[in-house]
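Trainee: whatever this is, show me its structure:
(2 chains)
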2 protein chains.
Amino acid sequence: MRAYNFSAGPAILPEEVLKEAAAELVDYQGTGMSIMEMSHRGKDYSAVHDECIANIKELLNIPEGYSVLFMTGGASTQFPLIPMNLLGEGETADYTNSGAWAKKAIQEAQMLGNVNIAADCGKEIPTRVPTIDELQLTDGAAYLHITSNETISGAQWKEFPEHDCLIADMSSDILSRPLDVSKFGLIYAGAQKNLGPAGITLVIIKDELAEKCPDTVPTIFRYKTHIENNSLYNTVPTFPVYMLCLVTRWLKAQGGLEGMQKINEAKAAKLYDLFDSSDFYNGTAVKEFRSTMNVTWRLPTEELEAEFIAEAAKQNLKTLKGHRSVGGIRASIYNAFPTEGIDALIAFMKEFEAKHS
Amino acid sequence: MRAYNFSAGPAILPEEVLKEAAAELVDYQGTGMSIMEMSHRGKDYSAVHDECIANIKELLNIPEGYSVLFMTGGASTQFPLIPMNLLGEGETADYTNSGAWAKKAIQEAQMLGNVNIAADCGKEIPTRVPTIDELQLTDGAAYLHITSNETISGAQWKEFPEHDCLIADMSSDILSRPLDVSKFGLIYAGAQKNLGPAGITLVIIKDELAEKCPDTVPTIFRYKTHIENNSLYNTVPTFPVYMLCLVTRWLKAQGGLEGMQKINEAKAAKLYDLFDSSDFYNGTAVKEFRSTMNVTWRLPTEELEAEFIAEAAKQNLKTLKGHRSVGGIRASIYNAFPTEGIDALIAFMKEFEAKHS
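Mentor: Got it, this is the predicted structure:
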């Protein structure tokens, strides 16, 4: 039986995608080879690579002048790459602190250049992201960095600030809703939450930004290198890109990002409605910033939380434990998480509340 | 029908490994999840991660004081990381130039510090790697860097120089033969030739070296970070590690690296013996440096080479074209390439020679 897997990442993938990958894993479309045994420059893999880029451009309606890149090392590698490429000598970068992931981005940038904290709500409980009104921006800042969704706390930006160069870590909500890419200079996301298996980092970059990188930056660390080589400067992780390609096909079949957003909002609303009608379950994010991807809540005691997690696991509701740094309960309900799993969780929650409140 | 796949990388994998991965891709050992849907900190993946490290330590008989790391970005990312971590201010690093890959390592190091070319045979045809006798080493050099096997030209180091800190790019011959790891400071290898699918870089490092890295290097780029976190500082590419784990089990079943070496030498000898008895096929590597992994040769004309490649493909002998930078023919016959495929290639070569000479 397929588990209802609430893992925050690596996370659930569409069952159809896994079945397709399994069916052709040994022999890719009659070639006598696995897709992962093929040259990254051969025609079979190239078709997958190019289709994946085209699908992402189509899903996000990406305008001319932007490139879609496949890089490696996760968001944690983008944290230093962004200032290395885009923060010039003597310039300042604005960062917003909204929690654990934003803070990591800030710490790495501070090692490499001048950083201004444009807003800080990283320690607030209940958690939220900054409001656009409270941002204290630097005149002429090289860029403004935000974390569109905080995976650990479950708070999410619902609208985005205007900026000449807005950069967003979208690791945990990329492709979960439509987006006006033209408002951004750079978007990045580790794949293992909403895109595919761990091992690939999606980067969407306005090409002209990449020109800024000084020649002292090693070749592989320049966005320019990857733009010029269509992400094939060196061997790209071919199998993770293949999986991402299958996921993009699946997304198109869900009605694209408009369709996906409706499904995601409906899934999340079921849980948030339960919090709002219960004194037993307390959501940890401020209402207007509640994430559609990571839903976090507390029970009256830590003992009850431990029992909740253990009992849920017995009913096939897996990996509900909150992040080790904050405790509590977290249901990560990314694109691929099925609505039936939400219904099963809610039925369990009602039963658990009736027994313990 | 399974192809005889001579791709230089991403390359052939053991058929048994692919079949096992396919069989449990949707449901990993009754958990109701794919291995690629699981948290990198959960117990199922952790068992794979730790077994993979243990198997590599066992296969290479790695002494105490060394760590086995899973990193990302391929050998091309190690090119800058090595000087960033290990080449101190004012120090010099010795590099040997043996061809295209060595040269890339040199170019990135030159951007970051002082480099001495200890030997240069990068442009010699027929190709070879340096001899130990000809090395012109710098007193007190931070390290000596070599490329143990040049994938493009097919030349390989058969014995290694003594050095206080010997560093080797072993991307194309790691785990193909026994190795005295204690002679090395750092060994690295992109996975996609002899280890598994693209997306993971194996690094074997003497722990004390990692202490040298200055605090100005971004956290994710320090070997120390990955040593201290057992390669789990951020999300490791879990599926590529899982595949590597299956490959290490397969290697143990081949009789470990002693067993694998015998098989590899026997496979390569069949091709080299044919060159030595033919005027039609001319090996491109100097005899004593002939690689057991990448066998390269020329035919009398480029027209015949094109015909050879096309005819071979029709007989299920795939991807024999030499690297675009040098032309000719290349048979990459890594660990997973079966002996039957060599026999089929030789039968084809004899037939082709009889028809055209």
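
Trainee: how about the helices in chain A?
Mentor: Taking DSSP state H to define them, one finds helices in chain A at A:15-23, A:43-60, A:74-86, A:100-112, A:207-210, A:223-228, A:238-253, A:256-276, A:302-314, A:339-356.

Trainee: may I see these organised as JSON lines, with distance to chain B and mean pLDDT added?
Mentor: For the C-beta atoms, the positions are set from N, CA and C on the backbone; glycine is no exception. Below are the helices of chain A laid out as JSON lines (distance: least, CB to the nearest CB, whole Å; pLDDT from 0 to 100):
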{"stretch": "helix A:15-23", "distance to chain B": "4", "mean pLDDT": "98"}
{"stretch": "helix A:43-60", "distance to chain B": "8", "mean pLDDT": "98"}
{"stretch": "helix A:74-86", "distance to chain B": "3", "mean pLDDT": "98"}
{"stretch": "helix A:100-112", "distance to chain B": "5", "mean pLDDT": "97"}
{"stretch": "helix A:207-210", "distance to chain B": "18", "mean pLDDT": "98"}
{"stretch": "helix A:223-228", "distance to chain B": "10", "mean pLDDT": "98"}
{"stretch": "helix A:238-253", "distance to chain B": "5", "mean pLDDT": "98"}
{"stretch": "helix A:256-276", "distance to chain B": "18", "mean pLDDT": "98"}
{"stretch": "helix A:302-314", "distance to chain B": "11", "mean pLDDT": "98"}
{"stretch": "helix A:339-356", "distance to chain B": "11", "mean pLDDT": "98"}
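
Trainee: in JSON lines: these, plus distance to residue A:4 and mean neighbour count.
Mentor: Below are the helices of chain A laid out as JSON lines (distance: least, CB to CB, whole Å; neighbours: other CB atoms under 10 Å in any protein chain shown):
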{"stretch": "helix A:15-23", "distance to residue A:4": "12", "mean neighbour count": "17"}
{"stretch": "helix A:43-60", "distance to residue A:4": "26", "mean neighbour count": "17"}
{"stretch": "helix A:74-86", "distance to residue A:4": "26", "mean neighbour count": "24"}
{"stretch": "helix A:100-112", "distance to residue A:4": "25", "mean neighbour count": "19"}
{"stretch": "helix A:207-210", "distance to residue A:4": "41", "mean neighbour count": "16"}
{"stretch": "helix A:223-228", "distance to residue A:4": "37", "mean neighbour count": "20"}
{"stretch": "helix A:238-253", "distance to residue A:4": "18", "mean neighbour count": "23"}
{"stretch": "helix A:256-276", "distance to residue A:4": "12", "mean neighbour count": "17"}
{"stretch": "helix A:302-314", "distance to residue A:4": "9", "mean neighbour count": "15"}
{"stretch": "helix A:339-356", "distance to residue A:4": "4", "mean neighbour count": "15"}
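
Trainee: how about the backbone phi and psi for the residue in the stretch 251-357 of chain A that chain B sits nearest to?
Mentor: Relative to chain B, the nearest point of the stretch 251-357 of chain A is residue A:319 (6.5 Å; CB to the nearest CB). The phi and psi values for residue A:319, taken as degrees, to the nearest 10, are phi 60, psi 50.

Trainee: neighbours around it, how many?
Mentor: 23 (other CB atoms under 10 Å in any protein chain shown).

Trainee: name all residues that make contact with the closest residue to it other than its chain neighbours.
Mentor: Once flanking residues are discounted, residue A:319 sits nearest to residue A:7: 4.2 Å by CB to CB, 6 or more residues apart in numbering or on different chains. By CB atoms under 8 Å, 6 or more residues apart in numbering or on different chains, the residues touching residue A:7 are A:318, A:319, A:332, B:37, B:38, B:39, B:42.

Trainee: can I get the helices of chain A in a markdown table including distance to residue B:339?
Mentor: Below are these laid out as a markdown table (distance: least, CB to CB, whole Å):
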| stretch | distance to residue B:339 |
| --- | --- |
| helix A:15-23 | 29 |
| helix A:43-60 | 26 |
| helix A:74-86 | 39 |
| helix A:100-112 | 49 |
| helix A:207-210 | 47 |
| helix A:223-228 | 39 |
| helix A:238-253 | 26 |
| helix A:256-276 | 49 |
| helix A:302-314 | 48 |
| helix A:339-356 | 48 |
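
Trainee: what's the closest of those to residue A:141?
Mentor: Closest approach to residue A:141 among the helices of chain A is made by helix A:74-86 (10.7 Å; CB to CB).

Trainee: can I get the CA coordinates of that closest one in PDB?
Mentor: Provided in PDB are the C-alpha atoms of helix A:74-86 (Å, rounded to 0.1, in the frame of the first residue of the first chain):
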ATOM      1  CA  GLY A  74      21.000  22.600  -3.600                       C
ATOM      2  CA  ALA A  75      19.800  25.900  -2.300                       C
ATOM      3  CA  SER A  76      22.800  25.800   0.200                       C
ATOM      4  CA  THR A  77      25.200  26.200  -2.800                       C
ATOM      5  CA  GLN A  78      23.100  29.100  -4.200                       C
ATOM      6  CA  PHE A  79      23.600  31.000  -0.900                       C
ATOM      7  CA  PRO A  80      27.200  31.800  -1.700                       C
ATOM      8  CA  LEU A  81      26.900  31.700  -5.500                       C
ATOM      9  CA  ILE A  82      24.400  34.600  -5.500                       C
ATOM     10  CA  PRO A  83      26.800  37.100  -3.800                       C
ATOM     11  CA  MET A  84      29.800  35.700  -5.700                       C
ATOM     12  CA  ASN A  85      28.000  36.500  -9.000                       C
ATOM     13  CA  LEU A  86      25.800  39.500  -8.200                       C
END
